[in-house]
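Visitor: Quick one: sequence and predicted model below, then my questions.
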Amino acid sequence: MSFSTNPIGVFDSGVGGISVLRAMRAQMPNEEIIYFGDQGHVPYGPRPMEQIQSFSEGITQFLLNQNAKLIVVACNTASAAALKYLRGKFPDMPFVGMEPAIKPAAEHTATGVVGVLATPATFQGALYASVVERFGAGVELLQSTCPGLVQQIEYGDLDGMSTRKILEDALFPMLQKNIDTVVLGCTHYPFVIPLIQEIVGGKVRVIDPAPSVARQAKRLLEAQGMLNLSEAPGNIRFFTSGNMPVMQAMLPMLLGEDGPVKPVTWKNDLEVF
């Protein structure tokens, strides 16, 4: 039996993973996709690791019940806290996760100073520490957690004064230390790249990890013979544990297309229905 027409499952704490979904649509337009935004629990960043693992396990089981053939953890915080845990819990399911793009930043920086924007949980996780250890030698990494930025993006405020203030507070001190690269360590943040670029100027490179994550998902599907070879555009189904009309309204702005959004409810930290 071929599983190639089964959907890809994608999840995030909110709408941030739509930045990865957007890249997947560009590279694999024929794939059926299920997107789960856990907006009832957003943001994940300040939450305990064990709780994020529970949420991620519940969402994974929900996506498996929808016959997902691959799961993309389109959330840096969930990847840091739960990716290894999920692979242990679901050994037969291929997963693609997020890791901050320290490697390309370190390879291309001329000043040797790189800014990293991510959530507290991402910075504190073993995954980030491993990436820094492997690729960050000889590079000065300046970190900021951008408090409140995820919520601003969830509200749809991509260029307002409050959003600008959060980014200026993070980026101005980095610019004073001569960064020439900014790494986005949260899937929400690509939606404010135009504002970031406006603040840092054209000489500073901003790295969006979404295209490379989409490429990795495509490579895995190709390797396992599960790429959807249909010529028809794939459908996307959206689920949210938060406010359904809010997600519905944001899709054209964030994704450039629309789709049906269905509400889901958490029975407990481990079960979605």
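Guide: Received the coordinates, thanks.
Visitor: Name the SS class of residue 182, please.
Guide: Under DSSP: H, G, I helix; E, B strand; the rest coil, the three-state class of residue 182 is strand.
Visitor: Same check on residue 231?
Guide: Classified using three-state DSSP, residue 231 is coil.
Visitor: Might one say that it is in contact with residue 30?
Guide: Yes: in this structure, residue 231 is within contact of residue 30 by Cβ atoms under 8 Å, at 6.8 Å. Yep, even glycine has a C-beta here, placed from its N, CA and C like the rest.
Visitor: for the stretch 1-150 of the chain, which spans come out with low pLDDT?
Guide: Filtered on pLDDT under 70, the stretch 1-150 of the chain yields the residue ranges 1-2.
Visitor: where exactly do the helices run in it?
Guide: 18-27, 49-65, 76-89, 102-108, 120-124, 126-135, 149-154 (DSSP state H, counting those that start in this stretch).
Visitor: got the domain boundaries for the protein?
Guide: What automatic domain parsing lists as the domains of the chain is 8-98+211-272, 102-208.
Visitor: What residues sit buried inside stretch 112-119?
Guide: By neighbour count on 16 or more other Cβ atoms under 10 Å, the buried set for stretch 112-119 is 113-119.
Visitor: Put the alpha carbons of that stretch into PDB.
Guide: Provided in PDB are the C-alpha atoms of stretch 112-119 (Å, rounded to 0.1, in the frame of the first residue of the first chain):
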ATOM      1  CA  GLY A 112      32.600  37.200  13.600                       C
ATOM      2  CA  VAL A 113      29.600  38.500  15.500                       C
ATOM      3  CA  VAL A 114      26.200  37.000  15.000                       C
ATOM      4  CA  GLY A 115      22.800  37.900  16.600                       C
ATOM      5  CA  VAL A 116      20.400  35.100  17.600                       C
ATOM      6  CA  LEU A 117      16.700  35.700  18.300                       C
ATOM      7  CA  ALA A 118      14.900  32.800  20.000                       C
ATOM      8  CA  THR A 119      12.700  31.900  23.000                       C
END
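Visitor: For residue 238, which non-adjacent residue is spatially closest?
Guide: Excluding its sequence neighbours, the residue lying closest to residue 238 (Cβ to Cβ, 6 or more residues apart in numbering) is residue 261, at 4.3 Å.
Visitor: go on, residue 212?
Guide: residue 101 (7.3 Å).
Visitor: Now do the helices in the stretch 151-273 of the chain.
Guide: Along the stretch 151-273 of the chain, the segments classed as helices by DSSP H, counting those that start in this stretch run 161-176, 193-200, 210-223, 244-254.
Visitor: what's the second one in contact with?
Guide: Contact with helix 193-200 is made by 158-159, 163-164, 167-168, 171-172, 175, 179, 182, 184, 189, 204, 206, 208, as judged by Cβ atoms under 8 Å, 6 or more residues apart in numbering.
Visitor: For PyMOL, write the select line for the buried members of these.
Guide: PyMOL command restricting the contacts of helix 193-200 to the buried ones, with burial defined by 16+ other Cβ under 10 Å:
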select buried, resi 163+164+167+171+175+179+182+184+189+204+206+208
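Visitor: right, and out of the contacts of helix 193-200, which lies closest to residue 245?
Guide: Closest approach to residue 245 among those (Cβ to Cβ): residue 158, at 18.7 Å.
Visitor: you'd agree the closest one is up against residue 192?
Guide: Yes: Residue 158 is within contact range of residue 192, at 5.5 Å (criterion: Cβ under 8 Å).
Visitor: and residue 29, what does it touch?
Guide: Counted by Cβ under 8 Å, 6+ apart, residue 29 has contacts 233-234.
Visitor: re the thing from before, between the helices of the stretch 151-273 of the chain, which one is nearest to residue 89?
Guide: Among these, helix 210-223 sits nearest to residue 89 (Cβ to Cβ), with 18.4 Å.
Visitor: Distance from the chain centre to stretch 236-255, please.
Guide: Mean C-alpha position of stretch 236-255 versus that of the full chain (Cα atoms, centre = their mean, to the nearest Å) differs by 15 Å.
Visitor: Tell me the buried residues in it?
Guide: Applying 16+ other Cβ under 10 Å to stretch 236-255 flags 236, 238-242, 244, 246-247, 250-251, 254-255 as buried.
Visitor: Reformat these as TSV; add distance to residue 151 and pLDDT.
Guide: Below are the buried residues of stretch 236-255 laid out as TSV (distance: Cβ to Cβ, whole Å; pLDDT from 0 to 100):
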residue	distance to residue 151	pLDDT
236	24	97
238	20	98
239	20	98
240	16	98
241	16	97
242	12	96
244	18	95
246	12	92
247	15	95
250	13	95
251	19	97
254	15	96
255	20	97
